[in-house]
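Chemist: got a sequence here, can you model it:
(chains A, B, C and D)
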Number of protein chains: 4
Amino acid sequence: MLNRIGIVVKPNKPDAIALASDLVGWLGQRNIQVFLDEAIAQTVNHSLSCPRSEISRLVDLLIVLGGDGTLLSAVRAMEGNNIPILGVNLGGLGFLTEITLEELYPVLGQILAGKMETKRRMKLCATVLRRGERVNTYPVLNDVVITKGVLARIINLRNCIDGAYVTTYRGDGVIISTPTGSTAYSLAAGGPIVYPSMDSILITPICPHTLTNRPLLISDRATVEFTLESEESDVHLTLDGQVGYPLHPFDQVLVTKAKDYVVFVKSPFKDYFEILRTKLKWGER
Amino acid sequence: MLNRIGIVVKPNKPDAIALASDLVGWLGQRNIQVFLDEAIAQTVNHSLSCPRSEISRLVDLLIVLGGDGTLLSAVRAMEGNNIPILGVNLGGLGFLTEITLEELYPVLGQILAGKMETKRRMKLCATVLRRGERVNTYPVLNDVVITKGVLARIINLRNCIDGAYVTTYRGDGVIISTPTGSTAYSLAAGGPIVYPSMDSILITPICPHTLTNRPLLISDRATVEFTLESEESDVHLTLDGQVGYPLHPFDQVLVTKAKDYVVFVKSPFKDYFEILRTKLKWGER
Amino acid sequence: MLNRIGIVVKPNKPDAIALASDLVGWLGQRNIQVFLDEAIAQTVNHSLSCPRSEISRLVDLLIVLGGDGTLLSAVRAMEGNNIPILGVNLGGLGFLTEITLEELYPVLGQILAGKMETKRRMKLCATVLRRGERVNTYPVLNDVVITKGVLARIINLRNCIDGAYVTTYRGDGVIISTPTGSTAYSLAAGGPIVYPSMDSILITPICPHTLTNRPLLISDRATVEFTLESEESDVHLTLDGQVGYPLHPFDQVLVTKAKDYVVFVKSPFKDYFEILRTKLKWGER
Amino acid sequence: MLNRIGIVVKPNKPDAIALASDLVGWLGQRNIQVFLDEAIAQTVNHSLSCPRSEISRLVDLLIVLGGDGTLLSAVRAMEGNNIPILGVNLGGLGFLTEITLEELYPVLGQILAGKMETKRRMKLCATVLRRGERVNTYPVLNDVVITKGVLARIINLRNCIDGAYVTTYRGDGVIISTPTGSTAYSLAAGGPIVYPSMDSILITPICPHTLTNRPLLISDRATVEFTLESEESDVHLTLDGQVGYPLHPFDQVLVTKAKDYVVFVKSPFKDYFEILRTKLKWGER
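Modeler: Below is the predicted model:
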């Protein structure tokens, strides 16, 4: 039984706040205890507010109102506490936020009636090693990106998989993505679409100097290692397109599958292929 | 213990025949019983010859002398009898025939000394349905290709995966490939490289009219179905780039993972990434 | 002054025939003599009918009702007699038929009032040489395509430009296109968009085996020569996606700019970039 | 008659300096006055040294010893003074430095004997406008690149050509290149090869969010305008991959053909297609 539901909202969006306010009332009428993202709790005038990073520990379901970006940041905030997430897109349809505004209350009605199906999505972990020492580890749902900064003309990234040398990518950088992330940055860089429930890791070079360097799909059990060969210092790590860190010459980035998964509420209204057709405009002439 | 070895040879290639002759002698000296592809047995003047389709039932190991094409045709001939295959490339290096001429005898020495490691590769099965009735089923190691003939300008292929509608591909056709086949025709059509031990199915459209139709990777447990929507009759099915059949309007092609695998002898000298680097010229400047 | 207008119509399309009938009346009221494609003259019950190949000699303007395919075949029929063409698309918008149904009468009103602007588009000529002898010459507005048939696995096409060896393309074939044709088959094969008023020739390989073979843009003054190197006989020449001829081993295909141009009536309502945005769905999210 | 020759050398490269020293001697013996890049004049111990930016005013021919990067920076330094350039590649073969070490003295011999052929290559000019005011104008031989910095996730670039709206590119940025630059960054980003003597401008989007945004080739007479739509401030202009400037929100970048050309000495030993075959490894299997 679902008793407590959390709501995370894209900040500074009047329509998101209005919807949150409406949703708080709707859930309250159904005796659900609602915990609200403190970033907007005051605006909505709701008593049970708490920080994003705490909210997932207190609830049985998290509703995200916004777009794919809001959902990615909510997933990062709830690290290690994988309750189901219902992603609601406020401006159409997202690859991650596949519930539209019109579908929100019907889906919630079904969930409260006990008809909730979920699906899990693998994550990746990126660990930065500096002089062999672990600096930090970052989890992602979509992708780990290693790119040149503006001053760099080209960067060299030496890649090994499970200890075996693959190649040294020369170009703008490289994207290491989950199947979920295959329709994000990797797709723009020329990568394939990977069905999101698959367990695999996709490596997509960005504008590679060697034209035969192509996207590579490997097992989710692999350890993917990139070493900064060049002495240039203008190389950066970006996580889920949101958080960035500068890398140092000779840093290593290890990418492996994360131990935990993200859990999403399945839309009863559409499957993955319908999302592809809509987002990529396949259906139309 | 290996007692009997079969040899299949690319016909009409003097160097292949010379090598086969040499190999028959070398194996004979080591008390191995050799069965030779009847297509060349006479030329080599060897007594134990038999048809390609029978040879794999009589031996413990099959040596293929030729290129990837010879190996694909040998695999097709030995359907259902999956003894290990040692593919020897006579003109450099193949994706499937990864043993070079210089490596042949050292590798055989190791094999006879009991040090043989193998790896298995998934296959696909393509079943043609006509008016709902099964016409035939074809196994492939690389790919099932559905393409327009010369007269057709464009063909329409309605695709469902596990019964769910995906899209209707419009263009030159579509390639359904194994991970092994990802470096064959699919790569030329813009597909990614899929590590060959993975269990997955790759669908790559050929010159799609809808530019956002991209290569799609799905689970090896999926049933992939293509239906010929158009009334044009100039559509063809090609298996591993070698055997072709005309399809009829409204035919359906079902593609699923085959029950059996192909077993290859692992090269002790090189891994998959070295083959990629060599074949795709990654190492060079 | 425009006194005589021809009308060519996509056959077997009731809405095209209805529109033709309406148009004949509208033009008649304005004292324009109308010549109708004999393929539909009887259906429309119009007295001045003549064969497609003759019609352009008798009129000052040709109206094409259909899609890009109808227009390409009308251009082929009127070879050598380049009166202005007004292409009307019956099902949306074409790259070549850029006048929509709603725009037809307003545009005609402007034309009859003397406000007609035209634009010219270069064509290519493909000449087939067999044992050094010219077999035939074919003009195209979009593209000359040399492709493998169904039985061929791969074809080899040796390419020279102005007598200098370029490379031998190995793959499904090659597209030689005008700027106008860059948004037809070439785009599906990975080619760039070339602004249609440019004078240049685009060579786009189809699924090339050598991954670094990329689309190549050269001067319109060049002579492009392809020689069939392989002994395989299953190679075909296709002109504007409509007419095909089998080629023989060792045939040569010479492609040069045609002496004449096709002349189109300029749409007063939209420019080329609007057509790109609409056809390629650039404007939408 | 050539009396004075300038030499520009890649700094900090011992083999370049050794070659420069040798070349100074060789030319001195032939009564040629040699002006040496002051950056290395002291190392070579040569009396007639002068700054790179001055050298081209004093000589009849400029020899560049280095790679394509050295040549691009020499071209930038000699702005407006277009004497012929002989580019010598010290490490193989460049697209711009097409004379190899072995060919240097034979080519110079021919040049001194009066047998010098030249070819000209168009340049582009990028003008930055801020609040409608011209900030600066930069000439390039290869490309003008507008890209996002590391913090930006995606940038929006509104593009007009000759005042007509084309589209708003969303992604990593855009490359505006000459035909010469088509084999530089643009090729890595998916652009076509444009024969370098053509007069045209190539616009190649970098990892565009809209997958149907494709490379676009337009006339060299066009004015290409990009406006930074987003309020993000992390957008940068890079010229020939070497010099970068930060752009401000709402800045405009105008790109037009430069009035002057770069003049290169034609290699008597190889044509453009041979360079393509070598650099892109077309010839090999």
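Chemist: contacts and neighbour counts: CA atoms only from here.
Modeler: Fine.
Chemist: buried ones in the longest helix anywhere in chain A?
Modeler: When chain A is parsed with DSSP state H, its longest helix is helix A:14-29. The neighbour-count check on helix A:14-29 (16 or more other C-alpha atoms under 10 Å in any protein chain shown) flags A:16, A:17, A:19, A:20, A:21, A:23, A:24, A:27 as buried.
Chemist: cool, stretch A:258-266 as well?
Modeler: So stretch A:258-266, judged by 16+ other C-alpha under 10 Å, has buried residues A:258, A:260, A:261, A:262, A:263, A:264, A:265, A:266.
Chemist: in chain A, what secondary structure element scores lowest on mean pLDDT?
Modeler: None of the helices or strands of chain A scores lower by mean pLDDT, DSSP states H and E than helix A:38-44, at a mean of 79.
Chemist: for that one, which helices and strands make contact with it?
Modeler: If you count contacts as 3 or more C-alpha pairs under 8 Å, 6 or more residues apart in numbering or on different chains; DSSP states H and E, helix A:38-44 packs onto helix A:14-29, strand A:49-50.
Chemist: which other residues reach stretch A:216-230?
Modeler: A:155-163, A:199-204, A:248-257, B:192-195, B:198 (C-alpha atoms under 8 Å, 6 or more residues apart in numbering or on different chains).
Chemist: and if we set it to 6 Å?
Modeler: For stretch A:216-230, the surrounding residues in contact (C-alpha atoms under 6 Å, 6 or more residues apart in numbering or on different chains) are A:156-162, A:199-203, A:249-256, B:192-195.
Chemist: can you give me the buried ones in that stretch?
Modeler: A:216-220, A:223-230.
Chemist: name the SS class of residue A:86, please.
Modeler: Here residue A:86 is strand, with the state taken from DSSP: H, G, I helix; E, B strand; the rest coil.
Chemist: just tell me which of the helices and strands packed on helix A:38-44 ends up closest to residue B:277.
Modeler: helix A:14-29 (50.6 Å; C-alpha to C-alpha).
Chemist: just the CA coordinates of that closest one, formatted as PDB?
Modeler: The C-alpha trace of helix A:14-29 is given here as PDB (Å, rounded to 0.1, in the frame of the first residue of the first chain):
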ATOM      1  CA  PRO A  14       4.800  28.600 -12.700                       C
ATOM      2  CA  ASP A  15       2.800  25.800 -14.400                       C
ATOM      3  CA  ALA A  16       4.900  23.100 -12.500                       C
ATOM      4  CA  ILE A  17       4.100  24.800  -9.200                       C
ATOM      5  CA  ALA A  18       0.400  25.100 -10.000                       C
ATOM      6  CA  LEU A  19       0.300  21.500 -10.900                       C
ATOM      7  CA  ALA A  20       2.200  20.600  -7.700                       C
ATOM      8  CA  SER A  21      -0.400  22.500  -5.700                       C
ATOM      9  CA  ASP A  22      -3.300  20.800  -7.400                       C
ATOM     10  CA  LEU A  23      -1.600  17.400  -6.900                       C
ATOM     11  CA  VAL A  24      -1.100  18.000  -3.200                       C
ATOM     12  CA  GLY A  25      -4.800  18.600  -2.800                       C
ATOM     13  CA  TRP A  26      -5.800  15.600  -4.900                       C
ATOM     14  CA  LEU A  27      -3.500  13.300  -2.900                       C
ATOM     15  CA  GLY A  28      -4.600  14.800   0.400                       C
ATOM     16  CA  GLN A  29      -8.200  14.000  -0.400                       C
END
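Chemist: which residues touch it?
Modeler: residue A:44.
Chemist: rerun that using 8 Å as the cut-off
Modeler: A:7, A:9, A:10, A:11, A:33, A:34, A:40, A:43, A:44, A:65, A:66, A:90.
Chemist: could I get these as CSV with secondary structure, neighbour count and distance to residue B:71?
Modeler: Below are the contacts of helix A:14-29 laid out as CSV (DSSP: H, G, I helix; E, B strand; the rest coil; neighbours: other C-alpha atoms under 10 Å in any protein chain shown; distance: C-alpha to C-alpha, whole Å):
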residue, secondary structure, neighbour count, distance to residue B:71
A:7, strand, 27, 59
A:9, strand, 26, 58
A:10, coil, 23, 57
A:11, coil, 14, 60
A:33, strand, 17, 65
A:34, strand, 23, 64
A:40, helix, 22, 65
A:43, helix, 13, 69
A:44, helix, 17, 69
A:65, strand, 27, 55
A:66, strand, 23, 54
A:90, coil, 21, 55
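Chemist: what count of nearby residues applies to the residue lying closest to residue A:183 once chain neighbours are set aside?
Modeler: Spatial nearest neighbour of residue A:183, chain neighbours left out: residue A:193 (6.1 Å); criterion: C-alpha to C-alpha, 6 or more residues apart in numbering or on different chains. Residue A:193 has 25 neighbours, counted by other C-alpha atoms under 10 Å in any protein chain shown.
Chemist: excluding chain neighbours, what is closest to the spatially most central residue of chain A?
Modeler: Closest to where the C-alpha atoms of chain A average out (C-alpha atoms, centre = their mean) is residue A:141, at 3.5 Å. Leaving aside its sequence neighbours, residue A:141 sits nearest to residue A:123 (C-alpha to C-alpha, 6+ apart; 4.7 Å).
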